[in-house]
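S.K.: Give the three-dimensional model of this entry:
(one chain, ligands or ions: 1)
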Amino acid sequence: MIPGASPRHRRAANAPLAVLAAALLLTQGAPLQAAAPADPLRPTGRWTGSAPGAAATPPMGWNSWNAFRTDVDEAKVLGAAQALLDTGLARLGYRYVNVDDGWWQKRRASDGRMQVRTALFPSAATGGPDGTSFLPFTTRLHAMGLRAGIYTDIGRNACSQAYDLGSPNLPEGTTAEREVGLDGHVAQDVGLYFGEWGFDYVKVDACGLADFRPGSALVREHGYRALAPEIERSSIQRTDEHAVRARYEALAAALAGTPAGTGGGTGGGRVLSICTWGTANVRAWGHEVGNLWRTSGDIVPAWGSMLHNFDSAARRALYAGPGHWNDPDMLEIGHGDFDAQHPVEARSHFALWAMIDAPLLVGFDLRSAPRSLLDILGNERLVALDQDPGGHQATLAYDSGEAQVLVKTLVAGDSRVQGQGTRKAVALFNRTAQPLQLTLMAAHLKFADGAPITLTDLWTGAQSTFTGDASFTLAPHEVRVFEARGARLLPRGMFLSEIPGDIHVAEDGVRERQPDPLVHRPLDPWSGSRSGGTRPAYAGWGGAQVDSTPFGLDLQVAGQSFATGLGVLANSRLEVRNRAGYTNFHALVGVDDSTTDRLRGVRFELYGDGRRLARTSALRFGDRPLALDADVRGVTVLELVARAEPAGTGPPPVVTWADAALGD
Ligand code: GLA
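M.R.: Below is the predicted model of the structure:
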């Protein structure tokens with residue numbers, strides 16, 4: 001179903017926001033009822049969606065891993081840093097220079113202090129009592145106007161100690177000296193990396209929680225201390241999500257409590273990059289703990305891998321926003337299917353990452369970068385798309401295995417946030433190896449059908465205009481990406497589906513951890529066809545969605561379908577920031593027709609800054625949708641709560657906040 005294409009959509013869009021709510025139990029202005037303290041749906045009256053840190057927009061920069069694996073050294077990293085300056089990329093925002101796995105020598109036996117491999121990073125050889133120090137290195141980067149990132153693991157051992165066993169740059173020494181991860185050393189290492197050495201960014205991997213299992217050949221043959229896995233890569237149910245989260249929370253707390261120290265770090269917060277490769281249901285909690293979290297396994301420079309990683313993040317718009325970003329992994333531009341011989345694929349990879357507000361971390365050796373690839377990374381319009389301060393990750397206006405239409409609300413340059421939404425970005429994506437014809441509709445953009453829409457091609461700058469719809473022929477693997485200006489379908493407000501960056505999914509009602517089956521399944525990059533296949537792997541199925549149910553179906557209540565709205569499970573609480581100061585809220589709410597539980601009722605509640613503004617009676621499967629309207633003048637944070645009655649233990653009913661909008 002195409003958003004906004006149907007007459008029903010036009011009707012909803014034209015209706016004033018203050019629709020009368022006939023069957024609604026309106027309790028405007030009622031004070032917040034005292035709720036049981038343990039009630040997870042209890043409104044907080046405030047925005048709880050963003051971890052602290054310095055990632056108001058997605059981090060940009062360079063990382064050593066995709067270019068060098070553990071064969072990293074100071075000359076290569078500083079060469080990349082210099083190239084960021086010389087090519088002008090730094091000026092565009094590529095600021096972080098991140099050292100990945102391979103930098104460490106050992107954890108010193110006497111006091112647990114981490115030691116740098118000075119054969120790779122000569123400036124770290126201080127000769128003093130502390131042994132080594134990264135301070136000269138970070139000072140150098142800071143003097144270049146750049147920021148410095150380091151890598152560690154949340155467990156005892158790092159990924160290279162399991163997967164790069166032939167590397168000459170693995171940690172050395174006794175079992176304890178080779179325990180370079182954070183386990184048991186959180187305060188010490190955070191104090192060292194941030195307080196003393198002055199790093200600004202840390203990527204925290206998780207192989208230490210997954211791969212060093214008791215009795216394994218790895219542990220036996222390499223003399224590691226075993227750790228019963230808290231992450232089982234192939235089993236969501238056997239993964240201890242709470243233990244994993246608790247470890248990252250402890251780290252985040254240590255980070256928050258560490259003063260900048262002597263390192264000359266940039267201040268203003270540090271960036272915490274969570275690297276659990278989409279496991280441990282990180283989708284649901286990453287945004288409350290860190291600034292970015294990997295949504296999938298490692299990218300490799302192959303088209304299918306890029307699709308896989310893109311898909312792992314593309315349907316999670318409601319979980320990202322300013323300060324917290326889905327991370328589909330670093331860029332592979334420059335390598336394999338995305339090298340200078342594949343300009344279409346390289347541009348597509350970049351455009352897709354920009355559309356979904358992915359971190360832009362260059363992963364190739366910039367010292368020998370062809371101009372054509374620098375032009376891709378340095379395309380100011382595409383970078384501005386990724387860095388738009390609204391932080392509204394693109395959502396899927398059309399979605400199939402072969403083609404997608406992505407639309408992203410832009411706010412940069414708007415004089416009033418309230419005026420937002422007349423500028424959007426749209427990407428037409430041909431996932432196949434054949435040419436494909438796609439029709440872009442005004443409705444995809446939630447723009448009015450009758451008014452002209454101006455497109456600016458973000459690669460070429462060429463402008464064109466259409467009314468209603470326009471056709472495009474896309475080359476194999478091509479993404480056409482435009483800025484679009486038009487008349488908004490909802491002239492005096494915003495559908496909540498247009499502002500995912502202002503929504504925080506505090507509770508999504510998901511009880512059962514189930515893998516998301518919509519992620520592209522490439523030939524496994526590591527085992528090829530020797531395994532049983534690339535299985536769906538990342539929990540998230542059933543999470544809150546824009547313009548579809550949590551399970552990817554059209555929104556529909558009592559036979560009435562809706563082109564726009566939020567789809568979520570019952571027993572959920574969504575926080576919505578009213579950044580533009582709108583005065584009205586409107587939605588048509590009900591139990592979605594896709595629900596399997598036909599008996600339980602769902603009560604919908606709306607709160608404004610913690611005060612209950614409206615509440616429905618308990619609605620059941622088949623009940624007509626109810627209008628839920630409220631005056632939200634002066635309200636900064638709304639909370640949308642859907643409670644199943646009784647709460648029950650089975651799969652929660654699927655609920656729809658159809659046409660949900662803020663407006664005047
Ligand atoms: C994991 C991460 C990669 C990289 C390597 C380093 O595989 O996902 O991004 O950091 O570890 O060993």
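
S.K.: For whichever residue of the stretch 451-600 of the chain sits closest to the ligand, the count of nearby residues, please.
M.R.: Among all residues of the stretch 451-600 of the chain, W526 sits closest to the ligand, at 10.7 Å; criterion: Cβ to the nearest ligand atom. For glycine as for every other residue, the C-beta is placed from the backbone atoms N, C-alpha and C. Burial of W526 is recorded as 10 neighbouring residues (other Cβ atoms under 10 Å).

S.K.: do the same with the one 10 residues further on
M.R.: As a burial measure, the neighbour count of P536 was computed by other Cβ under 10 Å and equals 16.

S.K.: ok, it - contacts?
M.R.: By Cβ atoms under 8 Å, 6 or more residues apart in numbering, P536 lies in contact with P515, D516, P517, V519, R521.

S.K.: tally of neighbours for the residue lying closest to the last one once chain neighbours are set aside?
M.R.: I take that to be R521. Distances taken as Cβ to Cβ, 6 or more residues apart in numbering put T534 closest to R521, at 4.1 Å, once the chain neighbours are dropped. Counted with other Cβ under 10 Å, the neighbours of T534 add up to 18.

S.K.: ok, and the most centrally placed residue in the chain, which helix or strand is that part of?
M.R.: Ranked by distance to the mean C-alpha position of the chain (Cα atoms, centre = their mean), the top residue is N326 at 1.3 Å. Using DSSP states H and E, N326 maps to strand 325-327.

S.K.: avg pLDDT for that strand?
M.R.: Averaged over strand 325-327, pLDDT sits at 98.

S.K.: and L307, how many neighbours does it have?
M.R.: Per other Cβ under 10 Å, the neighbour tally for L307 reads 21.

S.K.: In three-state terms, label the nearest residue to G321 once chain neighbours are set aside for me.
M.R.: What sits nearest to G321 in space, not counting adjacent residues and going by Cβ to Cβ, 6+ apart, is G501, at 3.7 Å. On the three-state scheme (DSSP: H, G, I helix; E, B strand; the rest coil), G501 is labelled helix.

S.K.: in terms of contact, does G501 touch H324 like I think?
M.R.: No. Using Cβ atoms under 8 Å, G501 is not in contact with H324; the gap is 9.5 Å.

S.K.: what about the helix or strand where A67 lies, distance to the chain center?
M.R.: Counting by DSSP H and E, the element that carries A67 is helix 65-68. Chain-centre distance of helix 65-68: 22 Å, with Cα atoms, centre = their mean, to the nearest Å.

S.K.: From the contact counts, what lies against it?
M.R.: Contacts defined by 3 or more Cβ pairs under 8 Å, 6 or more residues apart in numbering; DSSP states H and E place helix 65-68 against helix 74-86.

S.K.: quick one: contacts of the helix it packs on?
M.R.: Counting by Cβ under 8 Å, 6+ apart, 61-62, 64, 67-68, 89-90, 94-95, 97, 99, 120-123, 137, 140-141, 144-146, 362, 365-367, 369 sit against helix 74-86.

S.K.: Now list the buried members of those residues.
M.R.: Among those, those scoring as buried are 61-62, 64, 67-68, 89-90, 94-95, 97, 99, 120-121, 123, 137, 140-141, 144, 146, 362, 365-366, 369 (criterion: 16 or more other Cβ atoms under 10 Å).

S.K.: Which members of those are positioned in strands?
M.R.: Filtering those for membership in strands, criterion DSSP state E, returns G61, W62, V97, V362.

S.K.: quick check, nearest of those residues to D508?
M.R.: Set against D508, the nearest of these by Cβ to Cβ is G61 (31.2 Å).

S.K.: hey, what's that closest one bridged with?
M.R.: Y96, L361 (DSSP bridges).

S.K.: who in the chain is up against the ligand?
M.R.: Residues of the chain that fall close to the ligand, judged by Cβ under 6 Å from any ligand atom: W65, D100, D101, C159, S160, D205, C275, W277, D298.

S.K.: picking up where we left off before, assign the residue nearest to R521 to helix, strand or coil.
M.R.: From three-state DSSP, the assignment for T534 is coil.

S.K.: ok, now S348?
M.R.: Applying three-state DSSP: S348 is helix.

S.K.: residues contacting it?
M.R.: F429, H477, E478, V479.

S.K.: any idea how far the ligand is from the residue lying closest to A442 once chain neighbours are set aside?
M.R.: Spatial nearest neighbour of A442, excluding adjacent residues (Cβ to Cβ, 6+ apart): D449 at 4.9 Å. D449 sits at a distance of 45 Å from the ligand (criterion: Cβ to the nearest ligand atom, to the nearest Å).

S.K.: ditto for A340
M.R.: A340 is 23 Å from the ligand, by Cβ to the nearest ligand atom.

S.K.: Report pLDDT for that residue.
M.R.: Looking at A340, its pLDDT is 97.

S.K.: what number of residues lie near it?
M.R.: A340 has 14 nearby residues by other Cβ under 10 Å.

S.K.: Can you get me a residue count around the residue lying closest to it once chain neighbours are set aside?
M.R.: Spatially, and ignoring its direct neighbours in sequence, A340 is nearest to P370 (4.5 Å; Cβ to Cβ, 6+ apart). P370 is flanked by 12 other residues according to other Cβ under 10 Å.

S.K.: returning to that earlier point: OK, contacts around the residue nearest to G321?
M.R.: Per Cβ under 8 Å, 6+ apart, neighbours of G501: A320, G321, P322, D357, G390, G391, H392, Q393.

S.K.: Report how many residues lie close to the second one.
M.R.: Looking back up the chat, that one is G321. Residues lying near G321 (other Cβ under 10 Å) number 24.

S.K.: Surely Q404 is in a strand?
M.R.: Yes. Applying three-state DSSP, one finds Q404 inside a strand.

S.K.: Now do the SS call for the residue nearest to it when sequence neighbours are not counted.
M.R.: Among residues not flanking Q404 along the chain, F429 sits closest, at 4.5 Å (Cβ to Cβ, 6+ apart). Local secondary structure at F429 is given as strand here, using three-state DSSP.

S.K.: Can you give me the neighbour number for the residue nearest to T70 when sequence neighbours are not counted?
M.R.: Closest residue in space to T70, ignoring its immediate chain neighbours: G102 at 3.4 Å, by Cβ to Cβ, 6+ apart. G102 has 24 neighbours, counted by other Cβ under 10 Å.

S.K.: Can you get me a residue count around D86?
M.R.: Neighbours around D86, by other Cβ under 10 Å: 11.

S.K.: thinking E249 is in contact with G286, fair?
M.R.: No. The pair E249 / G286 is not scored as a contact, 11.2 Å apart, by Cβ under 8 Å.

S.K.: Spell out the residue ranges of the strands in the stretch 251-400 of the chain.
M.R.: All strands of the stretch 251-400 of the chain, identified by DSSP state E, counting those that start in this stretch, fall at 271-275, 292-294, 325-327, 360-362, 395-399.

S.K.: what ranges do the helices span in the stretch 51-200 of the chain?
M.R.: Ranges of helices in the stretch 51-200 of the chain, per DSSP state H, counting those that start in this stretch, are 65-68, 74-86, 89-92, 135-143, 160-163, 186-190.

S.K.: ok, back up a step: how near is the nearest residue to the residue nearest to the centre of the chain once chain neighbours are set aside to the ligand?
M.R.: Closest residue to N326 apart from its sequence neighbours, by Cβ to Cβ, 6+ apart: A313 at 3.9 Å. According to Cβ to the nearest ligand atom, A313 stands 14 Å off from the ligand.

S.K.: got it, and G131?
M.R.: 23 Å.

S.K.: what does L92 give?
M.R.: Relative to the ligand, L92 is positioned 23 Å away (Cβ to the nearest ligand atom).

S.K.: Could you verify my assumption that that residue touches L382?
M.R.: No. Using Cβ under 8 Å, L92 makes no contact with L382, being 9.8 Å away.

S.K.: which of those two has more neighbours?
M.R.: Looking at L92 and L382 with other Cβ under 10 Å, you find the greater number of neighbours at L382, namely 23 against 19.

S.K.: that older thread, got a pLDDT number for the residue nearest to N326?
M.R.: Looking at A313, its pLDDT is 98.

S.K.: Next, count neighbours for it.
M.R.: Around A313 there are 30 other residues, counting by other Cβ under 10 Å.
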